[in-house]
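A.B. asks: Dropping a prediction and its sequence here:
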Amino acid sequence: MNYSIFCSKCGKEREEKTQWRCICGAPFDIALNIKFDKEKIIRSCKSIWRYKHYFPYVKRDKIITLGEGCTPITKLDDNLWIKLDYLMPTGSYKDRGSSTLVSSLCSESDIIKGLSEDSSGNAGASLAAYCARANIKLKVFVPKSTSGPKLSQIKAYGAEVFRVEGTREDVSKMAQRAMKDHLYVGHVWHPFFRDGIRTLLYEVAEQTGWRMFDKIYVPVSAGTLLLGVISGIKHLLSSDIINKVPRIIAVQTRQVSPLYHRMEKLSYVPPESIKTVADALVSTNPPLLDLMEKNLREVDGGSEVVDEEEIVSSYYALAKKGFHVEPSSAVTYAAYLKQLAKGGFSEKEKVLLILTGTGLKSPMKSFRNNKVLL
Ligand SMILES: [Zn+2]
């Protein structure tokens, strides 16, 4: 086998295709036994599937695609670039994972009656689009606070939406409850979703002529983006394609910052209720936290935390430069500006911010009085 699916904690291999986590309760990981070879890139394909060779668990005739990936990198300022990963079929980087998840499920089984998923909005909308394309029924569980545009988008693709009171974790528990004919495939848990995100890093490497940036700022909530990016780095390193590890900076909001606290060896007590403009960053107790900490330390990454005022001003600063992204993406610019102000950047350091979701999905609301400003 050129890949294996195993528990990230006890090492036990996945036994059933319907399993979305190990019987010990920990998330699965995928080990790839194929070296990255630039010659195997399908250059005529302008989507993530140009890297099909590195997704051996997807059958070629079972690929479900909407043309996701190959997003541009453009310069924002001196030594500062942005990857516009919100230029995706559903307006979010999650399309990378949805495409690999639905394609892999279709590869493993000819009959999928229905799926269920929990999401703060973007992943639900993304999975709904890919399920629509594959003609699969989907139930999406979202927090009550999920923004109007994201809800409309999920419904437009034909998925059934359930709004749940409580924390992000309560939403997840609701979706996991066994439902007749609806297999739970939560994107946070499912290894086939997370694994698709490594295409983002392959693209960055290809776009820089395999030279790579010195620093990459990544917004972090449930951890799928962070782990996908690190997985891509590790694959290219072990294949001798790149010889430099970019310093990965995991960015969180002050309210929702469990990873930041872990990295700084501080205790984290989440607020009773989350009131943030960054409505995609709401995982106070993410199940991938141990994996995130382990992987971020392995690549000698760092973390940063930003306040609401900093997010709002960075959101407008990006928009004034022509880039309208959701506040949850603007956190990367906020963290960059914060660290730049502190000093410590060398003159030649090349920095990349990952911008993950379009601004059309989350109308900017004042975090003080909930008044819509745009
Ligand atoms: Zn286990």
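C.D. replies: Everything's here; your move. Residues are numbered from 1 along each chain as shown.
A.B. asks: mind showing which ranges of the stretch 151-300 of the chain have poor pLDDT?
C.D. replies: For the stretch 151-300 of the chain, the stretches flagged by pLDDT under 70 are 178-179.
A.B. asks: Run through the strands of it in chain order.
C.D. replies: Using DSSP state E, counting those that start in this stretch, the strands of the stretch 151-300 of the chain run over 160-164, 183-184, 215-219, 247-253.
A.B. asks: export those strands to TSV and tack on mean neighbour count and distance to the ion?
C.D. replies: (Glycine included, C-beta is placed from N, CA and C.) What follows is the strands of the stretch 151-300 of the chain, written out as TSV (neighbours: other C-beta atoms under 10 Å; distance: least, C-beta to the ion, whole Å):
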stretch	mean neighbour count	distance to the ion
strand 160-164	15	27
strand 183-184	19	17
strand 215-219	25	26
strand 247-253	24	25
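A.B. asks: between those, which gets nearest to residue 130?
C.D. replies: Using C-beta to C-beta as the measure, strand 183-184 is the one of those that comes nearest residue 130, at 14.7 Å.
A.B. asks: For residue 345, which of the strands of the stretch 151-300 of the chain is the nearest?
C.D. replies: Ranking those by distance to residue 345, with C-beta to C-beta as the measure, places strand 215-219 first at 8.2 Å.
A.B. asks: how about the strands of the stretch 151-300 of the chain in a markdown table, adding distance to residue 312?
C.D. replies: What follows is these, written out as a markdown table (distance: least, C-beta to C-beta, whole Å):
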| stretch | distance to residue 312 |
| --- | --- |
| strand 160-164 | 26 |
| strand 183-184 | 36 |
| strand 215-219 | 15 |
| strand 247-253 | 11 |
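A.B. asks: so which of those comes closest to residue 31?
C.D. replies: The nearest among the strands of the stretch 151-300 of the chain, by C-beta to C-beta, is strand 247-253 at 20.5 Å.
A.B. asks: residues touching the nearest residue to residue 172 once chain neighbours are set aside, list them.
C.D. replies: Closest residue to residue 172 apart from its sequence neighbours, by C-beta to C-beta, 6 or more residues apart in numbering: residue 118 at 4.6 Å. Residues counted as contacts of residue 118 (C-beta atoms under 8 Å, 6 or more residues apart in numbering) are 124, 140-142, 171-172, 174-176, 186, 188.
A.B. asks: Can you tell me the centre-most residue of the protein?
C.D. replies: For the chain, the residue sitting closest to the mean C-alpha position, by C-alpha atoms, centre = their mean, is residue 225 at 3.2 Å.
A.B. asks: Enumerate the residues of the chain near the ion.
C.D. replies: Selection of the chain residues close to the ion by C-beta under 5 Å from the ion yields 7, 9-10, 12, 22, 24, 26.
A.B. asks: just the buried members of those?
C.D. replies: Buried subset of these (neighbour count, 16 or more other C-beta atoms under 10 Å): 7, 9, 22, 26.
A.B. asks: Quick check: the residue nearest to residue 172 vs residue 144, distance?
C.D. replies: Distance of residue 118 to residue 144, given as C-beta to C-beta, to the nearest Å: 13 Å.
A.B. asks: swap in residue 299?
C.D. replies: From residue 299 to residue 144 the distance is 36 Å (C-beta to C-beta).
A.B. asks: quick revisit: so which of the contacts of residue 118 comes closest to residue 163?
C.D. replies: Looking across the contacts of residue 118 and measuring by C-beta to C-beta, the closest to residue 163 is residue 142, at 5.8 Å.
A.B. asks: Please verify my assumption that residue 274 contacts residue 283.
C.D. replies: No - contact criterion C-beta atoms under 8 Å: residue 274 and residue 283 do not qualify, at 9.8 Å.
A.B. asks: what is in contact with the two at once?
C.D. replies: By C-beta under 8 Å, 6+ apart, the residues touching both residue 274 and residue 283 are residue 256.
A.B. asks: what's near enough to touch the residue nearest to the centre of the chain?
C.D. replies: Going by C-beta under 8 Å, 6+ apart, residue 225 touches 93, 197, 200, 218-219, 354, 356.
A.B. asks: thinking again about what came up before, quick check on residue 274 and residue 283: which one has the bigger neighbour count.
C.D. replies: Relative neighbour count places residue 283 above the other of residue 274 and residue 283, with 25 against 19, counting by other C-beta atoms under 10 Å.
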